[in-house]
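Next input, structure requested:
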Amino acid sequence: MARALLTGRSIRSARLSGHEDGRLLLVPLDHSVSDGPIATAAGFDDLIRDIVAGGADGVVVHKGRARLLAPHLFVSCSLVVHLSASTSLGPDSNAKVLVGDVEEAVRLGADAVSVHVNIGSDTEAEQLAALGTVAAACERWSMPLLAMVYPRGPRLTGPASPEQVAHVVNVAADLGADLVKTVFVGPPDRMADVVAASPVPILVAGGPGGEQSLTDFARTALATGCQGLAVGRRVFSSPAPGQLVRDIADIVHGPTPVPVSLPSRDMAGVM
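A predicted model of the protein is given here:
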């Protein structure tokens, strides 16, 4: 049997998910740039410790924050460095710009980098160009790329549709992303269509919360074929973030959920 060719990208990807199932639970903590502090300076370290102890596969932070964290926290948890930003105080919070590069992430010991793209925003063209630039650098440095892509902008009103989400996911894949984080769209069989239309694995955002528990949401998402979850706000705003991460990690890396049964139709209905 031929052995798989080892590359820096494949090694980092394997570290990103420390489990043979290939599924992922990431905890984005980049919100301190977009929205303001999510914990005190000392409390941020405690939050990371709780998340790592809970069994998260990786955390997503900006480069400056990564330099401030204790290295031993990332022995059993991957580091994903986020390269784009905007703030809620600016004239257009959907206008993401690059604030870091792949070489910086390599020096920091990152296992992957992430870029946020709002497709449908007034600055869509610049954000797509930034994604392409980062994807090319990831090829040079053999670095996995997570694209956080959303259909979001002034001409997009109401909840995202399955057609829109399938579109933005494929844009990210076509421009070089290895993984895509995006929103979950219901009902579950339509999200399963989105997953089937994507050439790269999909992680779903945890969202702002609601009546459905995060554990129930995780089971639903995995049953549609999603590779895992990327949950930030619902973790760091929890009174017991470590236990919440443990509960979700047990679901993500537990037995494969029963897949959603798809109706008989071709993929043109999603695209």
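
all helices in the stretch 51-200 of the chain, in order from the N-terminus.
63-68, 102-107, 124-141, 162-174, 188-197 (DSSP state H, counting those that start in this stretch).

Format those helices as TSV; extra columns: distance to Leu156, mean pLDDT and mean neighbour count.
Every residue, glycine included, has its C-beta placed from N, CA and C. Formatted as TSV, these follow (distance: least, C-beta to C-beta, whole Å; pLDDT from 0 to 100; neighbours: other C-beta atoms under 10 Å):
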stretch	distance to Leu156	mean pLDDT	mean neighbour count
helix 63-68	30	95	15
helix 102-107	30	97	18
helix 124-141	11	97	17
helix 162-174	7	97	21
helix 188-197	16	96	21
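
Quick one: those as a markdown table, columns for distance to Val149 too.
Converted to a markdown table, these look like this (distance: least, C-beta to C-beta, whole Å):
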| stretch | distance to Val149 |
| --- | --- |
| helix 63-68 | 21 |
| helix 102-107 | 18 |
| helix 124-141 | 8 |
| helix 162-174 | 4 |
| helix 188-197 | 12 |
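
between those, which gets nearest to Leu222?
Of all the helices of the stretch 51-200 of the chain, the one in closest proximity to Leu222, counting by C-beta to C-beta, is helix 188-197 (10.4 Å).

measure stretch 172-191 end to end?
Taking C-alpha to C-alpha, to the nearest Å, stretch 172-191 runs 17 Å from one end to the other.

Show the model's pLDDT score for the residue positioned nearest the centre of the chain.
The centroid of the chain falls nearest to Lys181 when counting by C-alpha atoms, centre = their mean (4.0 Å). On the pLDDT scale, Lys181 is placed at 98.

Check Ser17 too.
Reported pLDDT for Ser17: 79.

In this structure it contacts Arg23, no?
Yes - between Ser17 and Arg23 there is a contact at 6.6 Å, judged by C-beta atoms under 8 Å.

re the thing from before, beta partners for the residue nearest to the centre of the chain?
Met148, Leu203 (DSSP bridges).
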